[in-house]
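# sequence and predicted structure are below.
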Amino acid sequence: MNTDDVNWPDYIHLMEHLLDVPLDDQRREELALQLSRIATLAAPLMAFPLPHRQEGAGVYSL
């Protein structure tokens with residue numbers, strides 16, 4: 001997923017309703033900015049190719 005493809009205001013609006021956490025306009029704008037920054041920082045990690053049989057995360061069992 002390209003971080004430019006995400007419509008952060010729509011995502012935030014949806015999460016407000018699903019989680020029943022109302023936000024004011026200033027908080028929505030700041031949250032959209034922070035989510036955009038986080039997505040930009042995470043993009044290189046998410047794009048890193050894993051070998052075919054490599055697990056994305058370890059599986060531990062007792």
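Yes, it's here. Numbering: from 1, shown residues only.
# in this protein, what spans have low per-residue confidence?
The model of the chain has pLDDT under 70 over residues 1-4, 54-56.
# spatially central residue in it, please.
Taking C-alpha atoms, centre = their mean, the centroid of the chain lies closest to A39, which sits 5.9 Å from it.
# and the helix or strand containing it, what does it pack onto?
Secondary structure assignment for A39, by DSSP states H and E: helix 25-47. Helices and strands touching helix 25-47, by 3 or more C-beta pairs under 8 Å, 6 or more residues apart in numbering; DSSP states H and E, are helix 8-19. Where C-beta positions appear, they are placed from N, C-alpha and C, glycine not excepted.
# give me the contacts around the helix it packs on.
21-23, 28, 31-32, 35-36 (C-beta atoms under 8 Å, 6 or more residues apart in numbering).
# just the residues you listed now: which is nearest P44?
Distance to P44 across those (C-beta to C-beta) is lowest for S36, with 15.2 Å.
# apart from its neighbours in sequence, what residue is nearest the closest one?
Closest residue to S36 in three dimensions, ignoring its sequence neighbours and counting by C-beta to C-beta, 6 or more residues apart in numbering: W8, at 5.9 Å.
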